[in-house]
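Student: What follows is a predicted structure for the sequence shown.
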Amino acid sequence: MSAGRGSLVERAAIVLPFVWLAVFFAAPFLIVVKISLSQAALAQPPYAPVFELSEGLGALRAGLRELSFSAYAALAEDALYLRAYLSSLWIAGLATALTLCAAYPLAFAMARAPAHWQPHLVMLAIAPFWTSFLIRVYAWIAILRDEGLLNRALAGIGFITEPLHIFATDTAVLIGIVYSYLPFMVLPLYSALARQDPALTEAAADLGAKPLACFWRITFPLSRPGILAGSLLVFIPAAGEFVIPDLLGGSDTLMIGKVLWSEFFDNRDWPAACAAAIVLLALLLIPLALWERTRSAEPVGGR
Amino acid sequence: MSGRPLYFRAGALIFGFAFLYAPILLLVIYSFNASRLVSVWGGFSTRWYQALWQNEALMDAASVSLRAALASGVIAAFLGTCAGLALARFGRFRGRAVFSSMIFAPIIAPEVIMGLSLLLAFVALDAPRGFWTIVCAHATAGMCFVAVIVRAKLESLDGCLEEAAMDLGAGPAAAFARITLPLAAPAVIAGFLLAFTLSLDDFVLASFVSGPGSTTLPMRIYSQVRLGVTPEINAASSLMIGFVAVSLAAGALAARLFRTR
């Protein structure tokens, strides 16, 4: 369907969202690149512009000579940034592994539940995603604090005498990430597991494989596309997370999202914030590119 | 398939969903706590809900949030449906790869980066920051989710239906209005609701692009949370959860009505 009266409408259906995304997603991103190459300045806005489009090509050439990598150089010199990147990647990686461990049994049980339950179980797994992220993180403050619900409950059953210090530590950040991103991991895992033909494990069992061997040699390898997709969906946003480390983490919890935020809002160093954002994005593109490669290499990959 | 595996699976379901829902449930329960101490139960009371009504700053923020969610939800539903339709039905048009990755990128891009880049764009455009910049930011994030949902729905439907309608003499516009759109409607509604709730919930994007006088509810909640946990915030959160639950139920009902018609 491309001929006749439809084609004008069709073109509009492509052009409208395209233009919107170009203006509000692609162009802003280029501006970030541009400002990351500017000098910080005590002005409003707080950076010295590299070049103005209205000044034409000559100004562009002059501007190119004045490109400043000082923001990036500062990034490389400041140990704080290096530590923040490493600790973000470490926390996000650990949280992704923990989320996988928590999500796998749930997704597995969902995929093997009676067929008429499954749509409802999927709905139940998605529903928390619709409640506010901020509120779900906030809910954990009341649970994890020294005088919070968890410590009171544990003390109540005589399990502990001294309160556990979980709140304002990296452990609390990990719990927050696992909790907030669990649905992102459960859904791809579930769809990979539900798609498997039960005849495969039955055949393996008929041939004498124990249930555990069936799982490790049939079910688990076949769910790899789901594991990869879910891990990326958790890892990438978690690495840039601001709200969770800010609310649940301590003052020593170092994550790049937090650093970027304070660089922007507290220090008002826009070039530094932009350079930090660009480097973060470049770091996150690596796992994404690797995923694309394994996805195209695997013949039975999921969508 | 019986015995131990069954217990294991039942246990996994119960533990998994308990983990997902217990914190939310506790939050709602403690919003009815008479005591000011958030973790000590002091009897049932609705005093924090009454206090909420008198908290004008919070009510103003709620109204900003609702209006922004409605406006950005409508824009996102429209643009996202266009994009989903283009990806599912128009075959290989020029720039399709760029188009589809531009739809996918905002979904996984870290929010701080999106917020930062949008704010810088608004500064560069010299746009006055406030209500409409929040709407634009939320519509951009929301439309991508709508596009993904609508595209998946359309791809699961049979394109033959539209072709049959056109063979029977319907023009492309009529085939679209009477076949494609009604079939895609549940996905459009679901997408709108998702965009609506994303906007209602968003804190990071709104903090970057809002200006003076346009503080959203999550921004207000956040600034109070930083000062400490209060039952009033529990009450506000519970109301938001209730509101989302009601709109979800309404959406499911609307989708069912479309299906039975």
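Tutor: That came in fine, so what should we check first?

Student: From now on I want contacts and neighbour counts done on CA atoms only, so please keep to that.
Tutor: Fine.

Student: Can you report how many residues neighbour A:Phe108?
Tutor: 22 (other C-alpha atoms under 10 Å in any protein chain shown).

Student: Which helix or strand contains it?
Tutor: Assigned by DSSP states H and E, A:Phe108 belongs to helix A:79-111.

Student: Equivalent analysis for B:Leu183, please.
Tutor: helix B:181-201.

Student: now A:Ala155
Tutor: Using DSSP H and E, A:Ala155 maps to helix A:149-156.

Student: what about that helix, distance to the chain center?
Tutor: Distance, stretch centre to chain centre, for helix A:149-156: 32 Å (C-alpha atoms, centre = their mean, to the nearest Å).

Student: same question, stretch A:129-149
Tutor: Its chain's C-alpha centre and that of stretch A:129-149 lie 19 Å apart, by C-alpha atoms, centre = their mean.

Student: what residue ranges in the chain score low on pLDDT?
Tutor: Just going to use chain A. Chain A contains residues with pLDDT under 70 at A:1-6, A:40-67, A:295-303.

Student: The chain in question should be chain B.
Tutor: B:1-4, B:38-39, B:258-261.

Student: Need the contact partners of stretch B:245-255.
Tutor: Contacts of stretch B:245-255 from elsewhere in the structure, counted by C-alpha atoms under 8 Å, 6 or more residues apart in numbering or on different chains, are B:Ala185, B:Pro186, B:Ile189, B:Ala190, B:Leu193.

Student: let's see 7 Å
Tutor: Outside stretch B:245-255, the residues that touch it by C-alpha atoms under 7 Å, 6 or more residues apart in numbering or on different chains are B:Pro186, B:Ile189, B:Ala190.

Student: shouldn't A:Asp269 be in contact with A:Ser262?
Tutor: No - look at A:Asp269 against A:Ser262 with C-alpha atoms under 7 Å: they stay out of range, at 9.1 Å.

Student: neighbour count winner among these two?
Tutor: Between A:Asp269 and A:Ser262, A:Asp269 has the larger neighbour count (other C-alpha under 10 Å), namely 20 against 14.

Student: Spatially nearest residue to that one (excluding sequence neighbours)?
Tutor: Spatial nearest neighbour of A:Asp269, excluding adjacent residues (C-alpha to C-alpha, 6 or more residues apart in numbering or on different chains): A:Glu263 at 5.7 Å.

Student: And the one you found, how far from B:Ser35?
Tutor: Distance of A:Glu263 to B:Ser35, computed by C-alpha to C-alpha, to the nearest Å: 39 Å.

Student: can you tell me which helix in chain B is longest?
Tutor: The longest helix of chain B (DSSP state H) is helix B:56-89.

Student: got the buried residues for it?
Tutor: Using 16 or more other C-alpha atoms under 10 Å in any protein chain shown as the test for burial, helix B:56-89 gives B:58-62, B:64-89.

Student: hmm, it in reach of chain A?
Tutor: Yes - shown here: helix B:56-89 in contact with chain A (C-alpha under 7 Å from any C-alpha of the partner chain) through B:Leu79, B:Cys82, B:Ala83, B:Ala86.

Student: which ones are touching the closest residue to the third one other than its chain neighbours?
Tutor: Excluding the flanking residues, the one nearest B:Ala83 by C-alpha to C-alpha, 6+ apart is B:Ala147, at 5.5 Å. Remark: with contacts taken as C-alpha under 7 Å, 6+ apart, B:Ala147 is in contact with B:Gly80, B:Thr81, B:Ala83, B:Gly84.

Student: just B:Asp158 next, same as before
Tutor: Contacts of B:Asp158 (C-alpha under 7 Å, 6+ apart): none.

Student: From A:Thr131, how far off is it?
Tutor: Counting by C-alpha to C-alpha - B:Asp158 and A:Thr131 are separated by 33 Å.

Student: do the same with A:Ser231
Tutor: 22 Å.

Student: Close to chain B: what parts of the stretch 51-200 of chain A are there?
Tutor: Counting by C-alpha under 7 Å from any C-alpha, the positions of the stretch 51-200 of chain A adjacent to chain B are A:105-106, A:109, A:130-133, A:135-136, A:139-140, A:142, A:148-149, A:179.

Student: From these, list just the buried residues.
Tutor: Neighbour counting by 16+ other C-alpha under 10 Å classes A:105-106, A:109, A:130-133, A:135-136, A:139-140, A:142, A:148-149, A:179 among these as buried.

Student: near chain A, which of the contacts of stretch B:245-255 show up?
Tutor: Among those, no residue lies close to chain A (C-alpha under 7 Å from any C-alpha).

Student: what packs against the strand or helix carrying A:Val279?
Tutor: Under DSSP H and E, the secondary-structure element containing A:Val279 is helix A:270-297. Applying 3 or more C-alpha pairs under 7 Å, 6 or more residues apart in numbering or on different chains; DSSP states H and E, we find helix A:270-297 packed against helix A:27-36, strand A:39-40, helix A:70-77, helix A:256-265.

Student: So for it, what gets flagged as buried?
Tutor: Buried, per 16+ other C-alpha under 10 Å, within helix A:270-297: A:270-278, A:280-281, A:284, A:287, A:291, A:295.

Student: ok, now stretch B:175-184?
Tutor: Judged by neighbour count (16+ other C-alpha under 10 Å), stretch B:175-184 contains these buried residues: B:Ala175, B:Phe176, B:Ile179, B:Thr180, B:Leu181, B:Leu183, B:Ala184.
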